[in-house]
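Visitor: Pasting a predicted model and its sequence here:
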Amino acid sequence: MLEGRTTTVELLTGPTSPNDTVERFGITGTDLGILWENGGAGGTDQVHMALGDTMGDCSVDGDEWRSNILFRSSDRDLADGMRVDDAPMEGPGMAASILPRTDQPGETTVIPTAGVAVGTTQYLRYMSVEAWGAPGEWTTNYSALARSTDNGDTWIPVGGTARTGTGNRALVPAELAPAHSHHVAGQMSAFLKHDGHVYEYLTPSGRNGSAILARVPEAQIEDMDAYRYWDGTGWVTEQNEAEVVLDGRVSELSVTWSPRLGRFIALYTDEKNDVVMRQAPSPEGDWSGKDTLLSFEHLPTLYGAFAHPWSPAIEANGDDLYFTLSTWDAYNVFLMKTDLRELPARSLPDPRMRGADTWTPDSPDPADTGETVLVDRIPIPEA
């Protein structure tokens with residue numbers, strides 16, 4: 001439990017969650033919580049939340065392990081938490097894996113990394129994980145797009161969208177073959193919709209790489225040849241000419257526009273294992289220094305930071321930014337809130353003006369300054 005500029009709103013999944021995910025969906029442990037608006041699919045405005053490896057009853061053989069789950073929510077009042085409406089189901093009390101793993105040798109699991117709606121069609125970027133390595137490290141066979149035209153109930157991999165990684169390229173399934181390209185730097189993604197384009201921030205597998213940027217007209221999201229890559233001065237066709245836009249270690253990234261700040265914001269876990277936020281006047285940058293939203297000193301097992309699109313600071317001019325967060329020890333998803341009024345003001349560099357640079361420096365860790373305080377640790381009971 002935290003107090004200060006970043007606070008814990010609630011536990012979204014697992015035992016004791018108000019969403020009752022154990023009884024309703026057979027979920028005792030899960031992670032990620034990648035969020036995007038569904039574009040009114042099915043006649044209802046909802047936010048979709050994609051989850052990673054998910055466990056149910058750990059006393060049975062196989063732990064009721066599913067590689068990924070999708071939740072849907074129409075809850076706009078986030079101050080008291082986020083209620084889950086429903087999920088695609090495989091049976092009573094058991095949420096379905098929307099992109100099942102193949103269980104072939106060389107594929108450990110299939111994990112979503114980004115989601116976006118184009119019109120009312122949903123798209124997921126996902127990665128085929130070859131193997132988990134040391135903490136924060138894993139290798140991937142490929143990443144690819146999947147499409148849903150029924151508000152996330154069923155998903156179909158989109159042929160020709162696979163980017164192969166360092167794993168076994170032969171594991172690209174027939175429905176995706178042939179792979180579009182070999183792109184080790186493009187195994188994990190974050191989507192941003194802006195001015196008729198879908199922007200895709202790309203990082204390597206694991207938590208050790210920087211982010212590059214591609215974009216594509218919304219209507220051509222399935223055409224990998226239509227993607228253009230930012231080379232530092234313009235948009236080019238060659239993916240290998242892409243320049244880093246978010247430097248340092250960038251993992252579990254989300255990017256959105258904030259009317260409150262009048263800038264784009266990026267949330268991710270950095271090389272210190274802090275959850276940080278950066279700002280930019282355009283999707284390609286230049287990006288500001290980092291403001292730490294959550295410190296490793298308070299939560300050494302944290303990862304992931306996915307902005308909720310219905311946050312007051314994203315939907316309008318409000319002060320509150322809500323985002324999902326996972327921790328290894330709880331192995332569940334939390335809803336967090338940061339009051340943007342408590343962050344230091346940043347001004348874009350202006351060569352005509354003299355004075356201190358407020359744009360590029362990283363701000364102090366709130367665990368050191370006392371702006372965020374850890375007040376208690378409450379264990380999650382076993383299901």
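Guide: Thanks, I have the structure now.
Visitor: Validate this expectation: residue 341 resides in a helix.
Guide: Yes. Assessed by DSSP: H, G, I helix; E, B strand; the rest coil, residue 341 belongs to a helix.
Visitor: Distance check, the spatially closest residue to it that is not a sequence neighbour against residue 257.
Guide: Using C-beta to C-beta, 6 or more residues apart in numbering and skipping residues adjacent in sequence, the residue nearest residue 341 is residue 319, 5.1 Å away. Glycine gets a C-beta too; all of them are placed from N, C-alpha and C. Look at residue 319 and residue 257: by C-beta to C-beta, to the nearest Å, they are 16 Å apart.
Visitor: How about residue 73?
Guide: Look at residue 73 and residue 257: by C-beta to C-beta, they are 21 Å apart.
Visitor: which one of the two has more residues nearby?
Guide: Under the criterion of other C-beta atoms under 10 Å, the comparison of residue 73 against residue 257 puts residue 73 first, with 21 against 16.
Visitor: wait, what's in contact with that one?
Guide: 46, 47, 49, 82, 83, 84, 85 (C-beta atoms under 8 Å, 6 or more residues apart in numbering).
Visitor: I figured the third one hits residue 324, correct?
Guide: Okay, so that is residue 49. Yes. Using C-beta atoms under 8 Å, residue 49 is in contact with residue 324, at 7.2 Å.
Visitor: anything in contact with each of these two?
Guide: Each of 33, 34, 35, 333 lies in contact with both residue 49 and residue 324 under the rule C-beta under 8 Å, 6+ apart.
Visitor: The last one: which element?
Guide: With the criterion set as DSSP states H and E, the secondary-structure element containing residue 333 is strand 332-339.
Visitor: before we move on, back to that, and the residue nearest to residue 341, how far is that from residue 161?
Guide: Residue 319 sits 38 Å away from residue 161, going by C-beta to C-beta.
Visitor: Neighbour count for these two, which is higher?
Guide: With neighbours defined as other C-beta under 10 Å, residue 319 and residue 161 compare such that residue 161 has more, 22 against 14.
Visitor: Which secondary structure state does that one sit in?
Guide: coil.
Visitor: okay, now the closest residue to it other than its chain neighbours: neighbour count?
Guide: Nearest residue to residue 161, sequence neighbours excluded (C-beta to C-beta, 6+ apart): residue 145, at 4.0 Å. Using other C-beta under 10 Å, residue 145 has 25 neighbouring residues.
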